[in-house]
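*Asks:* Show me the folded form of this:
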Amino acid sequence: QGFGAALVELLVTFPKEVALESVLTLMEESMQLQGSMKGPEERDMLFGRVFTCAAVIRSARLATLAAKPRAALVERVVKELLFCLGRKTFLQELGTVILCELLRQLPAAELQATAWPLLAPVVAGPLDEWPPHALLLGLELGKLLPHATMAALLPGVTLQGGSLLCSRNLPALVAPLKAASSSHPQLHAVWGALIEQLAARSKPDAFAPKPSKEERKEERKKAESDALFREFWRAVVEEGLLPSTLERKYMAFLLVQRAIPRLAPEQLPFALSPPLLRTLVHSIDGERDGTHFVLKPVAAATVRALVSAAHESPALRIALVTQLLRAGLSGGGYDRSTATRALRQLLAEGLDASGEKEYAAMLTAAFCRQQDAAQGAAQQAPAAGTPSLEAQAREHQVYTSRVWAVEQLFALAKCSVQRHRKP
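*Replies:* Predicted coordinates:
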């Protein structure tokens with residue numbers, strides 16, 4: 001990495017003296033792979049080639065080249081990175097992250113003409129058979145290319161608004177995202193791309209006048225985004241990662257830590273599902289079944305992150321306390337849910353009247369947003385005929401999100417009654 005940083009500085013400082021083409025030529029000559037090389041030697045050569053490509057890209061000099069030389073250079077770099085990540089699986093994530101950095105520097109037309117023919121085999125086949133790095137690449141392409149172009153380039157994959165992230169694709173995303181546990185104990189880069197898209201929302205203006213037609217449309221988009229996030233969390237995290245191996249439970253906890261700072265207040269309660277909290281508490285108190293050594297450190301770190309964020313976000317604090325109290329009231333392990341000092345303190349503080357009103361108002365607003373989204377979807381639907389699969393999936397999202405809001409209101413009311421009954 002020090003070599004790569006020094007090379008970036010060299011390319012930036014001496015743009016006229018050091019040509020990018022000469023750097024790649026020198027790399028090919030000095031970092032050739034030999035059949036007699038041992039494993040560590042081959043690894044070092046491949047890392048050197050990847051870091052050289054990264055330095056060329058991060059020097060930001062591609063934009064200064066004319067179209068024809070840039071296209072030739074892009075082709076060389078893409079071929080080199082694909083060669084390296086094809087040789088060793090541990091380079092797939094790193095190589096794809098660098099590829100995405102390159103693609104962001106290209107106009108859409110140039111990306112399609114120069115890079116896509118080389119990248120097409122990476123994202124070929126059914127979505128549920130893609131490796132994690134292919135999914136990362138597909139998500140990035142969906143952001144950079146027009147919707148119609150993406151649909152034409154990936155005819156065998158369901159897209160919504162040019163994005164792979166839609167309700168119909170959630171079952172197919174489970175397998176690639178489970179495979180992302182290969183980066184254990186780190187969180188694979190594909191999760192960052194997913195969180196970025198799931199949390200993409202415009203901040204509301206507290207002093208805004210009565211919403212216009214465009215603003216109501218934006219509210220419907222927010223409601224659909226919330227519904228998609230809830231469906232994603234249920235299908236991928238609750239049903240995909242938590243019932244699986246220790247490495248994937250570990251990955252779910254890292255995902256919670258990564259997602260908390262990025263999510264909107266209205267989305268935070270979705271992540272605090274009963275299956276997640278049960279697994280979290282069980283991992284903290286898991287000496288009896290052997291999970292203690294693997295999961296307790298990351299579970300404790302997740303609790304600290306939740307409690308810290310709860311003190312800064314009233315919505316998250318109320319949601320967290322309500323879920324923990326509900327677990328205790330339903331016999332789901334109240335004593336175990338207070339296994340850490342931080343959670344004990346959070347539960348001891350409980351919910352005051354203003355907190356309950358604020359959370360209830362937020363849940364009511366969430367329910368109403370889903371109602372508006374349902375009405376908007378009904379207006380856009382064809383007058384006659386069977387609804388499309390996309391419309392059915394959107395309707396199911398709206399329904400399940402409204403059910404979630406009602407369940408949360410019921411849990412809040414039950415916890416409030418229990419609190420007032422205490423002597």
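*Asks:* Confirm for me that A252 is in contact with L242.
*Replies:* Yes. Between A252 and L242 a contact is recorded at 5.7 Å, counting by Cβ atoms under 8 Å. For every residue, glycine as well, the C-beta is placed using N, CA and C.
*Asks:* With neighbour numbers in mind, choose between those two.
*Replies:* Neighbour count, other Cβ atoms under 10 Å: between A252 and L242, A252 has more, with 23 against 18.
*Asks:* Which phi and psi values does S163 adopt?
*Replies:* phi -110, psi 150 (degrees, to the nearest 10).
*Asks:* got it, and A365?
*Replies:* phi -60, psi -40.
*Asks:* hang on, the earlier thing: what do A252 and L242 both touch?
*Replies:* 276, 279 (Cβ atoms under 8 Å, 6 or more residues apart in numbering).
*Asks:* T364: what's it in contact with?
*Replies:* Neighbours of T364 in contact, by Cβ under 8 Å, 6+ apart: 405, 409.
*Asks:* Next up, the contacts around the residue nearest to G161 when sequence neighbours are not counted.
*Replies:* Leaving aside its chain neighbours, G161 sits nearest to H147 (5.9 Å; criterion: Cβ to Cβ, 6 or more residues apart in numbering). If a contact means Cβ under 8 Å, 6+ apart, then H147 has 159, 161-162 as its contacts.
*Asks:* between those residues, which has the most around it?
*Replies:* That'd be L159 among the contacts of H147, by other Cβ under 10 Å, with 19 neighbours.
*Asks:* in terms of contact, does that one touch M150 like I think?
*Replies:* Yes. In this structure, L159 is within contact of M150 by Cβ under 8 Å, at 5.8 Å.
*Asks:* okay, and the common contacts of those two?
*Replies:* With Cβ under 8 Å, 6+ apart as the test, L159 and M150 both reach G142.
*Asks:* For Q186, which three-state class applies?
*Replies:* coil (DSSP: H, G, I helix; E, B strand; the rest coil).
*Asks:* repeat for V157
*Replies:* Recorded secondary structure, V157: coil (three-state DSSP).
*Asks:* Can you tell me, leaving aside adjacent residues, what's nearest to it?
*Replies:* Per Cβ to Cβ, 6+ apart, closest to V157 is L127, 5.3 Å.
*Asks:* and the one you found, what does it touch?
*Replies:* 135, 157-158, 164, 169, 172-173, 176.
*Asks:* any chance of those residues in JSON lines, plus neighbour count?
*Replies:* Shown next, in JSON lines, are the contacts of L127 (neighbours: other Cβ atoms under 10 Å):
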{"residue": "L135", "neighbour count": "26"}
{"residue": "V157", "neighbour count": "18"}
{"residue": "T158", "neighbour count": "16"}
{"residue": "L164", "neighbour count": "24"}
{"residue": "N169", "neighbour count": "20"}
{"residue": "A172", "neighbour count": "18"}
{"residue": "L173", "neighbour count": "22"}
{"residue": "P176", "neighbour count": "21"}
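*Asks:* Quick one: which of those has the lowest pLDDT value?
*Replies:* On pLDDT alone, T158 ranks lowest of the contacts of L127, at 87.
*Asks:* Neighbours of the closest residue to that one other than its chain neighbours, how many?
*Replies:* Leaving aside its chain neighbours, T158 sits nearest to R168 (4.9 Å; criterion: Cβ to Cβ, 6+ apart). Using other Cβ under 10 Å, R168 has 14 neighbouring residues.
*Asks:* Over to P265?
*Replies:* 12.
*Asks:* I260 now?
*Replies:* Residues near I260, counting by other Cβ under 10 Å: 19.
*Asks:* where does the nearest residue to it once chain neighbours are set aside fall, helix, sheet strand or coil?
*Replies:* Ranked by Cβ to Cβ, 6+ apart and with sequence neighbours excluded, the top spatial neighbour of I260 is A309, at 4.8 Å. Applying three-state DSSP to A309 yields a three-state assignment of helix.
*Asks:* So the residue nearest to T158 sits against Q160, correct?
*Replies:* Yes. Look at R168 against Q160 with Cβ under 8 Å: they come within range, at 7.4 Å.
*Asks:* Can you give me the pLDDT of S337?
*Replies:* pLDDT at S337 comes out at 46.
*Asks:* ugh, wrong one, V307
*Replies:* So V307 comes in at 79 (pLDDT).
*Asks:* With the one 3 residues further on instead?
*Replies:* What the model reports as pLDDT for A310 is 77.
*Asks:* Quick one: neighbours of it, just the number.
*Replies:* Neighbours around A310, by other Cβ under 10 Å: 23.
*Asks:* what's the answer for S59, then?
*Replies:* S59 has 20 nearby residues by other Cβ under 10 Å.
*Asks:* What of the one 4 residues further on?
*Replies:* Residue crowding around A63 was assessed by other Cβ under 10 Å; the count is 8.
*Asks:* How about A361?
*Replies:* For A361, the count of nearby residues is 10 (other Cβ under 10 Å).
*Asks:* show me where the stretch 201-350 of the chain has helices.
*Replies:* Secondary structure of the stretch 201-350 of the chain (DSSP state H, counting those that start in this stretch): helices located at 213-232, 246-259, 268-271, 274-284, 292-312, 314-329, 334-337, 341-349.
*Asks:* any idea which of the ones you listed scores lowest on pLDDT?
*Replies:* helix 334-337 (a mean of 45).
*Asks:* burial count for T245?
*Replies:* With other Cβ under 10 Å as criterion, T245 counts 13.
*Asks:* Leaving out sequence neighbours, find the closest residue to it.
*Replies:* Nearest to T245 is S181, by Cβ to Cβ, 6+ apart, at 7.1 Å.
*Asks:* From what I see, that neighbour and A252 are in contact.
*Replies:* No. Here S181 does not reach A252: they are 9.8 Å apart, not a contact under Cβ under 8 Å.
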